[in-house]
Structures are given as C-alpha cells and as structure tokens.
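K.L.:
Sequence plus the predicted model coming up.
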Amino acid sequence: MLKDITIGQYFPGNSLLHTMDARFKIIVTAIFIVMIFAADSFSALLPPLIFFILAFALSGLPVKLIARSMKPIIPVLVFTSVLNVFFVDGKALVSIFGINITDEGLIISGMMVLRLIALICGSSLLTYTTSPIILTDAIEKMLKPLSKIGFPAHELAMMMTIALRFIPTLIEETDKIMSAQKARGAELDSGTLVQRAKALVPILIPLFVSSFRRAEELALAMECRCYHGGEGRTKLREPVSGGKDYAALGVTLLFLCAVLLINMGKVVI
Amino acid sequence: MDNIIKADNISFYYSDIQDEDKPAENKIQIFDGLSLEIAKGSFTVILGHNGCGKSTLAKHMNAILLPCGGKMYAAGIDTADEERIFEIREHIGMVFQNPDNQIVASVVEEDAAFALENMGVPPEEMRQRVDDALKAVGMYEYREHSPSQLSGGQKQRVAIAGIIAMQPDCIVLDEPTAMLDPVGRREVMKTVKRLNREKGVTIVLITHYMDEAAQAERVVVMDGGRIILDDTPCEVFSHVDRLREVGLDVPQSTQLMYIMKQNGYKSADTHIINEEECADLLYDILTKGEQK
Amino acid sequence: MAIIKTVDLTYTYSEGTPFEKTAVNKVNIEIEEGELVGIIGHTGSGKSTLIQHLNGLIKPTSGKVIIDGEDIWDKNVKLRDIRFKVGLVFQYPEYQIFEETVYKDIAFGPKNMALDEKEIDKMVRETAALVGITDDMLRKSPFELSGGQKRRVAIAGVMAMRPKVLILDEPTAGLDPKGREVILSQIKKYHEETKSTVLLVSHSMEDVARFASKILVMNKSEVFCYDTPPAVFARAEEIASIGLSVPQITKVFGLLRSKGIDIRGDVYTVEFAMKTINEYLASHGKGGGDHA
C-alpha cells in the first residue's frame, strides 16, 4: 500500500526541468502557487494552467503520472467541493431539503477544486524532477543566510537527508516485524479498534528499539567520518545557476503579471 | 614511524556509576595491561569470540573510546589528545558490522563524499577522490544508485569507499562480514585484500571467522581481554586445542591433520590451513604409503 | 504421508510491472514427517520466499501448499491454525522481542493459541529449559540479555507453540563459532525430543552437513536437488559450479581426485575424511589398516 504513493517520488531524467537549479525550481513553484491563489476568476486561472501544461511538457514525464498523483487526494477534493456547494450563500439555483445550491457556491467550489488540483500538480512536478538530496541541498543553501541569526539550516538539511535515507530501510523493517509477529499468531487486521491498537504494540516496540540502535550506530559512524556539524563543510555538488534558470524565472513572472492584469480587468479573455 | 597503532599497557573498564567523583562500585573490566603494535602496511586479523574485548580494542584505535590506564597511539598521536581527534580519524578509518547503519546519504556517491564534505575538501578534488574510492571498491558503476537497492556486500563496499575517500593510512574493520552472505563476505574480503596489496593501506580486521583469519599476514587471538596467541595464521591454527578451548574454530584441513596426528600419522602437519597444501600432503601419504 | 508438500508452487513479485521477478518457479517438494532438512541456496535463490509460503505468509501466484494433508489456501482452512502448525523463525529474530520479561515474550505465541494459563506456563518453562534459559533469566527484561541469549529467547518463542514443523531462517547468522554450535545443538535437541519436522535455512554447508538428515538445494528459483547429505555431496562439483561453497574438506578430496587418486568424492566431514583415508590405505596395502 505504501509503495503506491507517488507524491514526493523522484523520476530521474535529463529534461530541461531536471537540469534546472533546484533553488530556482523552488522559487518558480512558489510563484506558481501564488498565481493560483491570486487568480479570482476562471479566466485568471488560465495563465497558470497554460504555464503548468508547458512545464509538464518540458519535463518529458508520462501524462498518466498526473492521474496517479491525483488519486490519493480525490476524497479531499470531493469533501471540499461538497462543503462549498452547499454552504455558500447566493442566488439559489436548486433547493434540496431546505439546503440551497447557489450559483456562487458552484463557482467557488469549482475554483477551489481547480486550485487544489493545480497545487498538487505543481508541487508534484517539483519533486518528480528533483532528487530529494538535491532538493535538500537547495533548501539548505537558501536557508543559509538565516543561520546567521541562529536558524539551524544545516541541521535541518542533515535531518532530512538521514530521514530520506532511512525511510526505505524502516518500511522494510516494519514489514519484516509484522510477518514475524503474524508467524507467532498475532492478529493485525481483525478485531475491534481497541484490539487493533493493542495489536500494534508488538510491532511498534521492536521498531522503536531498532530505530534507536540504528541512530546510535549511525552517529558513531558519522563521528568516525569526522562529522562535526555544518561548520567548514563543503559539498560534492554545489548548485549552479545559469541563463535558463533566470529565463525560467522571467517567464514565470510574466505569467504572474498576466494573472494580476486579468484580475484587475485590464485584460479580458 | 613503523607502527601505525600502538597500545601501551592499556586498560579499560565500564562502570555502572556515572558519577565521576565516587569510585565505581561495579567495574566491568574489559582488558587490563594490554599491549599491541600494528605495523604500517600490514594485514592483521584480531580473532576472538563475542565479548572477548576485540571490538572494544578496535574502538580505541580511532579514539572512539579512550583507555582508562596506559597510553594508546594512533598514527603516532596520543588518542587522549582531544585537539587532534579529527586528525586521528582521518588517518584511521573505521568500518562497522551493520552496513545499513553507517550509510548516511541516499545516493551512493553522496555517501562516499560524506567524510570529505566534513573535512572541507574543495569540490573538484572531492569529485576525483570520490570517483577513485568508488573505483577502488568496484562500486563506481553504482554511484548514482540508492543504497537500499544494493546487496549487503555492496553496501559494505560503499561504506569502505566512504572511508577510503579520506585516504587513511589504516582501516579498522569491526566484523564487517558478520551480517553478510557468503557472496558478500567474499566481495568484502577481496576488496580489503586488494586495498592492502595495491594501495598499501594497513588493515586491521576484527572477525570470528577463521577462514578470514587464514588470509591475513598476522593473527592476534584474544580471550578474556588478553592476547593469547599472536603469530602467522599457520602457527596460530596449529594450536588446535587452545583455540577450541576459547570457543574458536580451525579450518577443516587443519582439523583433519590434527585427527591424523592423533591417529599416528607422523607426517601430518597441523600448520596446514588451506585445501591445496592439505591435498598435496595427503597425495604423498596416499601414494607413498605413510608411516608411523 | 508427507507433512509438507508443494505442487507447482510459483510466486511472482510485482506482477505486471517492469520489476516483475519470479522468486519461486514450479517448486514440487515433499518433506516427510520427522526430517531435519537443511536448506541451502544463494541470497535471491528463492529459499526465503519458499519458506514464507509454508505457513501462509505469502500467497502463491499459482500452485498449492499442502500441510499435513490440507491445502492451506482452501476456504475451510484457517490460516492462523496453519501458523501454529508451522512455526517460522525469521532471520535475526531477536529484533522482534517486545515484552517486558523473557517469560512474557516466550508466552506470546502460546497465548495467541488461546491455551490456558497452566498449559502456557508448562510450554514456556519446558522450552526455556530446552534452549538453556534459566528461571532467573525468565524474570529479566529481554533487553538486558546478551545477543546470543536474546536469539535463544526469540527462537524459544516459536518453539513454545510446539509447531509440527519448525522452520528457522539462518538461526546462526552473525554469531561466533561457539554461539553457532550452541544454537545448532539446541535445535537438534528440540528436533529429537519433540520428534517434529525441522527446516533449517543456512549459508553454511559445513553446519548443514553435520546436522541435517536431508538437504534441499535451491538455485535460481528452482529446486536444484533434495536428497541425503552423501548423495548431495557426491555432486560437489555441480554444487560448486552454481556458486555455492562446499565444505573445505570436500574440496580437498576433489583435488585428490583431480590428481588421479581413486578416492571417494562425497566426503563432507572431518571424521568421515579420516575414515576414508584409513580405508583407502588399508585397501591399497599401504599400512594404516589398523585405523579402519
């Protein structure tokens, strides 16, 4: 079940998007999110839509990936749209059991759904085309100025790196412990809620114990490799920015302007 | 400097009382008055059963643990010198038992670079050293893989690459093959032997596998925190009774020679540790007919 | 009637994706009640997948698993009952220990079987005695024990369910020679006292050669052979050719044969080797006859 989740996964490639400086990709994604939330009409949502289609085309990723990344959030989409349809005041179109469905409700919920889809698609595109390590490095580099005022930029990045490294190991371990306890007759997938919660104990305790042991051993191995915090550290791969990164940022800003102009009614589509 | 590691009459104990002012009530003595010198460029195996103190001794070699008494020198530096602790660790690398728990990054080459990043090596030089290290352990083709896709033996080689990248004089390996399958064990042993032969790296291998000890230049056998045998593999394994007493095995060839001797075969030789020598000697006995 | 029987057992991982891999391919085995079977094979040969089928942890892609005459995937068979009938001890089982006391941890399995207190108590104490766990240790927290002791507690946890079939996946992994010897002899003792069927997965041909009554060799997802140790080691060269290591002593006799000596090639223990040499010398009139 865990392996079906594609959010946060990385698909290696050599496209323009893959080779862009991750710091710029983060900024561009942030501007894209601003665009979709700044847009206050369907027509204002057009520029971000075009922007996303262009970006996705440049990534060289298969289109069915979009559908796959949407799957887990469908319940959220349905829930928010239903809430909006029923609970926004306005001119009633239909009335069911005293609850009005209004035109404004329909518009707002439509906008909301579109925004959520765009949000997920946009940020997925960032993680699909950027390896977690490069993303971590980029975040570290962007936050570095803040370390002057005591913000633990390096420490945060280090924790992310280790977490990423150990996620597959821990998933595998959980699987193994579950099998081992099942072999001793533990029942994990039946019974009442309380029984099920109790059944987790034989899995969680060994998992905790082993995680602590791993942490201890890893810390020792890190010390043996001269780890002493972020001070004086260099990087194997320093992020480098080039012409295409600035060009991409410029194009993104143009799209943002388009959204704002449509909002202000200067441009009519 | 001939010795890369020198333990001079060191002792070490754990105590269950953390308060330093009070004398410890329950001291658990690991070793007392232990001396050992490891020559530069050598390949030494430290052999012993679990709990004989071999891992504790290994941890003294790069200042993870400090002796409670006596002096420990690593690369000529007193390990008690806190100022030079990172210098010691650059000279004496350490590889542990569980390959999963010593790999930090989720890409092979990033992990190989970890120590160099900590040491502040400039990126261009780092690239070169990382590539060289990965080539030295035969993992260069896997440089962009995630460690979770690798087998145990491959992971352990990545861990070794992460150490070699520091270009240490000596690598201490604490039971690096205990969790591996036979294929992984062979891969690691081959890598370690090649590093010793081709790059002149001093190897200290801690193990309880006698077949690994048979491949070393020198075998140090520990029991109860003491060194009980210290010689070439042939000499060490000829002490069949002594080794069995401390819960260790000898190669089957040596075992056969030992039983033959007991059965009165005079030319049986318990210094034999590998199958070729054993077959040669048996050939002579079987063809010429041997006597007592 | 065979206690374990598989019919064209096949299992394919990640079917329909690029990662598709057949881990077990059309495996047909029949294991008689009361055997002590050694299972040998490379990592990835399918042996781990095979044993997880035998207690229903994995559902076959096609084919059948028949335990004690019952198809375990039949609608009327409760899988949980099968798990009590076929006890499975995983690799590094000490990592699944979770209770506050050794006693409670060993009692976990029997408790899940819904036995009454008295029976549980009897099972726990009997099994503990069998694997050398003292009453004093039963009251302790399992986390205070040494590695080898924890391993024994974990194995006892499965033995205490008194399964008709006990399967152990590399029970000696990572232990030193003494620890290996202790565990193997306890398993042997359990086998003899309970008259149950035991399946032992191991990487060590030498261990399997000494303990097993039958050997199952897996290679590339298929059964390579299933036979008695002498019959299996008679094919020593073939086994070496699929990359499995044969005991050193078997290699010695292989070398002797290649030197032109007409001596048996299925020698797999040192004692057997001694006997073979004496017999050879006696039959060739070169002395040593009194040793035979």
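P.N.:
Looks like it arrived, so ask away. Numbers count the residues shown, from 1 in each chain, chains lettered A, B, ... in the order given.

K.L.:
Using the record's assignment, carve the chain into domains.
P.N.:
Looking at chain A here, since you left the chain open. For chain A, the structural domains run A:1-130+A:239-269, A:152-237, going by automatic domain parsing.

K.L.:
was after chain C, sorry
P.N.:
By the record's domain assignment, chain C is partitioned as C:2-246, C:247-292 (automatic domain parsing).

K.L.:
worst average pLDDT in those domains?
P.N.:
With a mean of 83, domain C:247-292 has the lowest mean pLDDT of these.

K.L.:
What residues does chain B have near chain A?
P.N.:
B:62, B:64, B:86, B:89-90, B:93-94, B:96, B:98, B:100-107, B:109-110, B:113-123, B:126-127, B:130, B:146-148, B:159, B:162-163, B:166 (C-beta under 8 Å from any C-beta of the partner chain). Any C-beta I mention is one placed from the backbone N, CA and C, and that applies to glycine too.

K.L.:
Keep those, but drop any that are not near chain C.
P.N.:
Filtering the residues of chain B next to chain A for proximity to chain C by C-beta under 8 Å from any C-beta leaves nothing.

K.L.:
Go through those residues and flag which are in strands.
P.N.:
B:93, B:94 (DSSP state E).

K.L.:
Now which of the residues of chain B next to chain A would you call buried?
P.N.:
Among those, those buried by neighbour count (16 or more other C-beta atoms under 10 Å in any protein chain shown) are B:62, B:64, B:89-90, B:93-94, B:96, B:98, B:100-107, B:109-110, B:113-119, B:121, B:126-127, B:130, B:146-148, B:159, B:162-163, B:166.

K.L.:
Now do the contacts for the nearest residue to residue A:234 once chain neighbours are set aside.
P.N.:
In this structure, residue A:234 finds its nearest non-sequential neighbour in residue B:120, 5.1 Å apart by C-beta to C-beta, 6 or more residues apart in numbering or on different chains. By C-beta atoms under 8 Å, 6 or more residues apart in numbering or on different chains, the contact set of residue B:120 is A:232, A:233, A:234.

K.L.:
Kindly give a single ChimeraX line that selects the buried subset of these.
P.N.:
Selecting only the buried entries of the contacts of residue B:120 in ChimeraX, with 16+ other C-beta under 10 Å as the criterion:
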select /A:233,234
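
K.L.:
Distance check, the residue nearest to residue C:195 when sequence neighbours are not counted against residue C:191.
P.N.:
Nearest residue to residue C:195 in three dimensions, chain neighbours excluded: residue C:34, at 5.9 Å (C-beta to C-beta, 6+ apart). Here residue C:34 is placed at a distance of 8 Å from residue C:191 (C-beta to C-beta, to the nearest Å).

K.L.:
Tell me, how many residues neighbour the residue in the stretch 101-250 of chain C that chain B sits nearest to?
P.N.:
Residue of the stretch 101-250 of chain C nearest chain B, by C-beta to the nearest C-beta: residue C:178 (3.4 Å). Residues contacting residue C:178 under the criterion other C-beta atoms under 10 Å in any protein chain shown number 17.

K.L.:
quick one: which of the domains of chain A has the weakest pLDDT on average?
P.N.:
Looking at the domains of chain A, the weakest mean confidence is domain A:1-130+A:239-269, a mean of 84.

K.L.:
That domain and chain C, any residue contact?
P.N.:
No. Domain A:1-130+A:239-269 does not reach chain C (C-beta under 8 Å from any C-beta); its nearest approach is 9.2 Å.

K.L.:
that older thread, more neighbours, residue C:34 and residue C:191?
P.N.:
Set residue C:34 next to residue C:191 and count neighbours by other C-beta under 10 Å: residue C:191 wins out with 19 against 14.

K.L.:
just checking, residue A:186 touches residue C:112?
P.N.:
Yes. Counting by C-beta atoms under 8 Å, residue C:112 is a contact partner of residue A:186 at 6.3 Å.

K.L.:
Now do the helices in the stretch 1-150 of chain A.
P.N.:
Counting by DSSP state H, counting those that start in this stretch, the stretch 1-150 of chain A has helices at residues A:16-19, A:22-38, A:46-59, A:64-70, A:74-87, A:103-129, A:132-143.

K.L.:
actually the stretch 51-200 of chain C, not the one I wrote
P.N.:
Ranges of helices in the stretch 51-200 of chain C, per DSSP H, counting those that start in this stretch, are C:79-85, C:102-112, C:117-130, C:135-138, C:147-159, C:177-194.
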